[in-house]
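A.B. asks: let's see this in three dimensions:
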Amino acid sequence: MSSAIVENDDNPTEVTIESRNGASVISMQAYQDLYNQITGKTEEVTKISKKSIRVNLDDIKQLDLKIKQILEQYRVISSNSSFTIFFEKDQKETHSSIERFLSLNSSTNGCTESIVARYNFAIILPQTNRAQNYSITIRLISRITTQRKLIEELPTGLPRSLLSMLSSKTCEIKVSYVDYVVARTITAVFDEWLEALDESKESKYLNFARKRSHFIPSIFKYSTLIACSFFVISLMPVLIGISPSTSQLASFFTLSLPFYFFCISNIDRTW
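C.D. replies: Now for the predicted structure:
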């Protein structure tokens, strides 16, 4: 038996299923649940922010409270959460609840790279009769620590602009879902929480210099070569006199070449 699924443009919360026996209308919520039952697949939405934020423990506590308030709207069958702190040198601590996360003092002295909060829960929506599994992963990232780690791990000589681009992300949320409305509600609450955070204001001149920092090695290199050239030329009257012959000039510049190569090689190693 063949059938066709048509979305109802007049009512986006309904889906029409057409078959030989006629058309039947079901809710979008029931359709997404049916799709999940048949395929076993869940969808995923990801949002990334590059906002320069300052996050403290109270902010994380507020985020946890907001997520729990979302779950109060639904019939929750099961739920669990975990909070993991990642430190430098591949160290981490994992706590099974927000209370333990807030109450336990860290025994690690290293700088924090990131904090990851994970929520897993199963809920029954009003127009379905079975539990659906959802998961939320929220990652808060220290931009300074990330840049330092990249400098240590990546090959030397990479432009600062590339390092800034690789470490520009400060927070991320991933929601694995069955019903899109639930996922949209979660991401909307996360956006609201993110907007309320204090933002670190950076100097406009610092941002201007950072964006153009990849020009610094070239500027330094050629400025040094120009300075070396003036230095060599200033030595000419002392070494070969004011009116040197052509052969003296040729010998002088020939002997100066090792000095130039020495300067270039040291500049390349520095940058």
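A.B. asks: as a check, name the ranges of all helices in the stretch 101-250 of the chain.
C.D. replies: When secondary structure is read from DSSP state H, counting those that start in this stretch, the stretch 101-250 of the chain shows helices at 143-153, 160-166, 180-196, 204-211, 216-240, 246-270.
A.B. asks: which of those helices has the lowest average pLDDT?
C.D. replies: Among those, helix 204-211 has the lowest mean pLDDT, at a mean of 55.
A.B. asks: okay, angle between the helix or strand residue 67 falls within and helix 180-196 too, please.
C.D. replies: With elements taken from DSSP states H and E, the one containing residue 67 is helix 57-71. Here helix 57-71 runs at an angle of 160 degrees relative to helix 180-196 (axes from the mean of the first three to the mean of the last three C-alpha atoms, to 10 degrees).
A.B. asks: contacts for the helix or strand that helix 57-71 is followed by?
C.D. replies: Downstream of helix 57-71, the next assigned helix or strand under DSSP H and E is strand 75-87. With contacts defined as C-beta atoms under 8 Å, 6 or more residues apart in numbering, strand 75-87 is touched by 60, 64, 71, 92-98, 100-101, 106, 108, 110-125, 131. C-beta coordinates here come from the backbone N, C-alpha and C atoms, glycine included.
A.B. asks: could you do stretch 123-140 as well?
C.D. replies: 27, 29-30, 33, 36-37, 42, 55, 60, 63, 67, 71, 74-78, 114-122, 170-179, 182-183, 186, 190.
A.B. asks: would you show me how to pick out the buried ones of the residues you listed in PyMOL?
C.D. replies: The buried residues among those can be selected in PyMOL (16 or more other C-beta atoms under 10 Å) with this line:
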select buried, resi 27+29+30+33+36+42+55+60+63+67+71+74+114+115+116+117+118+119+121+170+171+172+173+174+175+176+177+178+179+182+183+186+190
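A.B. asks: show the contacting residues for residue 176.
C.D. replies: So residue 176 contacts 42-44, 133-136 (C-beta under 8 Å, 6+ apart).
A.B. asks: which single one of those is nearest to residue 251?
C.D. replies: Among the contacts of residue 176, residue 44 lies closest to residue 251 (C-beta to C-beta), at 71.7 Å.
A.B. asks: ok, now how distant is the nearest residue to residue 117 once chain neighbours are set aside from residue 44?
C.D. replies: What sits nearest to residue 117 in space, not counting adjacent residues and going by C-beta to C-beta, 6 or more residues apart in numbering, is residue 138, at 4.5 Å. According to C-beta to C-beta, to the nearest Å, residue 138 stands 14 Å off from residue 44.
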